[in-house]
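Novice: one predicted model, sequence on top.
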Amino acid sequence: MQNKVLINNYIRSKEVRVISETGEQLGIMNIFSAIDLAKSKSLDLIQVTEKVEPPVCRIGDYGKYLYSLQKKERKTKTKNKSELKEIQLGFKISPHDIEIKVNQAKKFIEAGDKIKVVLVLRGREKAMGEFAKTKVQIFIDTLQKQIPIKLERELKREPNGFTMIISKQ
């Protein structure tokens, strides 16, 4: 919506391809005759696309056209809802707390979100990487028992711990 839609006298082309308000093609016309035709019907001449030569214009109500564009934009935003949610595990996490985190992850996955599982290691915990991997693996196995998942990114060692990304299968 950033680029303005050109209407009536703001259209720069000398000739335009005109489409009526019902959707039928009226052919290529001079810009002034197309504007007069739109004005005679108490409507606007709206430039739909400028990528072709001559540009395509539609006769219609400008306000309704803008509303339909906004509606399409909102619809595409809701379709691309998938977010990346983060679940943090601790080095000393208990089995019950893992169950709580699994339930939380299950809710996120059922909502269509991806999950980034993070296990942060501090100080001397960094030397015990294998123990930390088992904690993450327990989390993944428990989650996989409840809901089918797909590993987007394998378990990866980072300077401050481990991360992985999982999503719905």
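Specialist: Looks like it arrived, so ask away.
Novice: where along this protein do the helices fall?
Specialist: Assigned helices in the chain, in chain order: 31-40, 62-79, 95-110, 129-146 (criterion: DSSP state H).
Novice: and residue 13, its phi and psi?
Specialist: Here is the backbone geometry of residue 13 (degrees, to the nearest 10): phi -80, psi 150.
Novice: which pLDDT value belongs to it?
Specialist: On pLDDT, residue 13 comes in at 84.
Novice: equivalent analysis for the one 3 residues further on, please.
Specialist: What the model reports as pLDDT for residue 16 is 89.
Novice: quick one: it from residue 27, how far?
Specialist: Noted for residue 16: a distance of 10 Å to residue 27, by C-beta to C-beta, to the nearest Å. C-beta: built from backbone N, CA, C; applies to glycine.
Novice: the more surrounded of these two?
Specialist: Remark: of residue 16 and residue 27, residue 16 carries more neighbours, 24 against 7, as counted by other C-beta atoms under 10 Å.
Novice: identify the residues contacting the spatially closest residue to that one that is not a sequence neighbour.
Specialist: Leaving aside its chain neighbours, residue 16 sits nearest to residue 57 (4.4 Å; criterion: C-beta to C-beta, 6 or more residues apart in numbering). Shown in contact with residue 57 (C-beta atoms under 8 Å, 6 or more residues apart in numbering): 11, 16, 17, 18, 19, 34, 45, 46, 47, 48.
Novice: farthest-separated two in those residues?
Specialist: Across these, no pair lies farther apart than 11 and 19, at 13.8 Å, counting by C-beta to C-beta.
Novice: state the mean pLDDT of stretch 53-66.
Specialist: 88.
Novice: confidence score at residue 124?
Specialist: pLDDT recorded at residue 124 is 89.
Novice: so what's the residue count around it?
Specialist: By other C-beta under 10 Å, 8 other residues sit near residue 124.
Novice: distance of it relative to residue 162?
Specialist: Residue 124 sits 16 Å away from residue 162, taking C-beta to C-beta as the criterion.
Novice: ok, of the helices of the chain, where does mean pLDDT dip lowest?
Specialist: Among the helices of the chain, helix 62-79 has the lowest mean pLDDT, at a mean of 84.
Novice: elements contacting it?
Specialist: Contacts defined by 3 or more C-beta pairs under 8 Å, 6 or more residues apart in numbering; DSSP states H and E place helix 62-79 against strand 44-49.
Novice: which segments of the chain make up each domain?
Specialist: 8-77, 84-168 (automatic domain parsing).
Novice: which pLDDT value does the model give the nearest residue to residue 86 once chain neighbours are set aside?
Specialist: Sequence neighbours aside, residue 116 is the residue nearest to residue 86 in space, at 4.7 Å (criterion: C-beta to C-beta, 6+ apart). Note on residue 116: pLDDT of 92.
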